[in-house]
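Asks: sharing a sequence plus its predicted fold:
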Amino acid sequence: MLCAAIVGVSCGEQPLYDGEQPLAVRMVESEIARNPSPTTLDGIPRGKVKWNYTTGLELLAMIDAGEAYDRPDFYDYALRYYDTIVRPDHSVITYKRSNYNLDHICPGRPLFTIAERTGEERYRAVLDTLFCQLQEHPRNDDGGFWHKKAYPHQMWLDGLYMAEPFYAEYAVRRMGDRESFEQLKADIVNQFVLVGSHTYDPATGLYRHAYDDSREMFWCDKTTGQSEHAWGRAMGWYAVALVETLQYLGVDETTRPMVDILHHICEVLPKYADPETGMWYQVLDQPGREGNYVEATGSIMFIYTMLKGVRLGYLPAELGPEAQRLYERFVDRFVKENPDGTLSITDCCAVAGLGGKEMRSGKFDYYISEPIIENDCKGVGPFIWASIEYDRAKGRLKI
């Protein structure tokens, strides 16, 4: 292996991140090649259309890549999904507001751009529907959103990404000139503070996957309400939600607690990184434990958070070079070039949760038992964003 590495260097072999074509563009093109119809992203069967947070996440990243690299075909690809799923009568296929599911807020984010570009009322109407869902959404006594009606009294770190960036963008775009704006802003910030205070583990400095305010779920500690472990992607969702919400709300006295949480996350993460690769484990608080593995989706979420946080001034500039090195190490570890020229991201946890029909326990053995796949939307989308941020940091992009 060492000889092969020396030969590669001596022959001037370029690493993927230094190639002529931007990796964000290559990854979008690869995903479109694998999924000629956007409705099949995330393994959804051909012919079935689903209002799906993972689809919305990846399509938003594609739209951003299209804007960054002047590829209008990326936007057109995303539009095909929304043109299919949003009906002329303003209804959305498979979406049911009364389910009060935070996951169903997330796929609405691309509609801000789509409504603006098309001028179609049906897209604006869906944005209003999703905002109304949030205003009616069930909450704990302290104001924290339930993850979904089917999971009463539970706040999951995942849910902060599902709801808050949308909530913030809607508030700024639609409610920014109203007296209620400051109240909405405070509510958004409070969601981050509440979930942080309820899931924080002082022994590790990490945030556990979720907590149950009622202390009734079988997976929670009956004293703290917390689940047993800090799951990598859950903390990744939380970190990304912080920077993507701050980009709309800005930094001031009200949002300062969010910045403080973001700083804490970036300060504690190095302690739990794999020393060989620099990446993070599936079960974040069990580094090196037998059966644990370095996982792509959570790792790229942390890297994207650092790159974007530095650029927007939420994190210290000194972190910038390290964030760029981590991106390069991620590419070396997880990104492969396929024989047909497409790119793939390896070692993605397919899914993980708590409770539900599967009675998911939140124990170590549960997390490492979930399927490991390639090109999960929850890794591809953040990778596209991280690649855009890396190109900006390297001076390859001006926007």
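Replies: Yep, it's here.

Asks: count of residues packed around the residue lying closest to residue 325 once chain neighbours are set aside?
Replies: Nearest residue to residue 325 in three dimensions, chain neighbours excluded: residue 278, at 7.7 Å (Cβ to Cβ, 6 or more residues apart in numbering). Placement of C-beta: from N, CA and C, glycine included. Using other Cβ atoms under 10 Å, residue 278 has 19 other residues around it.

Asks: can you check residue 269 too?
Replies: Look at residue 269: counted by other Cβ under 10 Å, it has 20 neighbours.

Asks: contact partners for the residue nearest to residue 325?
Replies: By Cβ atoms under 8 Å, 6 or more residues apart in numbering, the contact set of residue 278 is 325-326, 329.

Asks: and the gap between it and residue 269?
Replies: Residue 278 sits 10 Å away from residue 269, going by Cβ to Cβ, to the nearest Å.

Asks: just residue 60 next, same as before
Replies: As judged by Cβ to Cβ, residue 60 and residue 269 stand 24 Å apart.

Asks: and residue 169, by the same measure?
Replies: On the measure of Cβ to Cβ, residue 169 and residue 269 end up 27 Å apart.

Asks: secondary structure class for the residue nearest to residue 325?
Replies: Taking DSSP: H, G, I helix; E, B strand; the rest coil as the rule, one finds residue 278 in the coil state.

Asks: and it, how far is that from residue 398?
Replies: In this view, residue 278 and residue 398 are 29 Å apart by Cβ to Cβ.

Asks: ok, residue 275 next?
Replies: In terms of Cβ to Cβ, residue 275 sits 36 Å off from residue 398.

Asks: go on, residue 332?
Replies: Note on residue 332: its distance to residue 398, by Cβ to Cβ, is 27 Å.

Asks: which of these two has more neighbours?
Replies: Using other Cβ under 10 Å as the criterion, residue 332 and residue 398 rank with residue 332 on top: 14 against 7.

Asks: tell me the SS of that one?
Replies: helix.

Asks: could you find the closest non-adjacent residue to it?
Replies: Of all residues not flanking residue 332 in the chain, residue 15 sits nearest, at 6.7 Å (Cβ to Cβ, 6+ apart).

Asks: that neighbour touches residue 327, doesn't it?
Replies: No - between residue 15 and residue 327 there is no contact under Cβ atoms under 8 Å: 11.1 Å.

Asks: between these two, tell me which one has more neighbours.
Replies: For residue 15 versus residue 327, neighbours defined as other Cβ under 10 Å are more numerous around residue 327 (24 against 11).

Asks: now stretch 46-59: average pLDDT?
Replies: Average pLDDT, stretch 46-59: 97.

Asks: oh, I was asking about stretch 287-304
Replies: Stretch 287-304 carries an average pLDDT of 98.

Asks: just the buried residues of that stretch, please?
Replies: 292, 294-304 (16 or more other Cβ atoms under 10 Å).

Asks: just stretch 364-374 next, same as before
Replies: Here stretch 364-374 shows 364, 366-368, 373-374 as buried, counting by 16+ other Cβ under 10 Å.

Asks: now tabulate those residues in JSON lines and tack on pLDDT, secondary structure and distance to residue 173.
Replies: Below are the buried residues of stretch 364-374 laid out as JSON lines (pLDDT from 0 to 100; DSSP: H, G, I helix; E, B strand; the rest coil; distance: Cβ to Cβ, whole Å):
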{"residue": "364", "pLDDT": "98", "secondary structure": "helix", "distance to residue 173": "42"}
{"residue": "366", "pLDDT": "98", "secondary structure": "helix", "distance to residue 173": "40"}
{"residue": "367", "pLDDT": "98", "secondary structure": "helix", "distance to residue 173": "37"}
{"residue": "368", "pLDDT": "98", "secondary structure": "helix", "distance to residue 173": "41"}
{"residue": "373", "pLDDT": "98", "secondary structure": "strand", "distance to residue 173": "35"}
{"residue": "374", "pLDDT": "98", "secondary structure": "coil", "distance to residue 173": "36"}
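
Asks: and those, which is closest to residue 235?
Replies: Set against residue 235, the nearest of those by Cβ to Cβ is residue 367 (12.7 Å).

Asks: partners of the closest residue to the closest one other than its chain neighbours in the sheet?
Replies: Excluding the flanking residues, the one nearest residue 367 by Cβ to Cβ, 6+ apart is residue 283, at 5.0 Å. Per DSSP bridges, the residues bridged to residue 283 are residue 231.

Asks: okay, now residue 283: neighbour count?
Replies: 26.

Asks: quick check, it in contact with residue 232.
Replies: Yes - at 7.0 Å, residue 283 counts as touching residue 232 under the criterion of Cβ under 8 Å.

Asks: as a check, name the ranges of all helices in the protein.
Replies: 2-10, 23-34, 53-68, 72-85, 110-118, 121-136, 157-175, 181-199, 232-249, 256-268, 296-311, 319-334, 364-369, 377-393 (DSSP state H).

Asks: for the residue most central in space within the chain, which non-adjacent residue is spatially closest?
Replies: Centroid-nearest residue in the chain: residue 237, 4.7 Å away (criterion: Cα atoms, centre = their mean). Spatial nearest neighbour of residue 237, chain neighbours left out: residue 161 (4.1 Å); criterion: Cβ to Cβ, 6+ apart.

Asks: and for residue 346, the neighbour number?
Replies: Around residue 346 there are 14 other residues, counting by other Cβ under 10 Å.

Asks: swap in the one 10 residues further on?
Replies: By the measure other Cβ under 10 Å, the count of residues near residue 356 is 9.

Asks: tell me who's in contact with it.
Replies: Counting by Cβ under 8 Å, 6+ apart, residue 356 touches 150-151.

Asks: can you give me the distance of it to residue 36?
Replies: 32 Å.

Asks: repeat that for residue 297.
Replies: As judged by Cβ to Cβ, residue 297 and residue 36 stand 24 Å apart.

Asks: over to residue 280?
Replies: 33 Å.

Asks: pick out whichever of those two has more residues nearby.
Replies: residue 280 (27 against 10).

Asks: and the pLDDT for the more buried one?
Replies: Model confidence at residue 280 (pLDDT) stands at 98.
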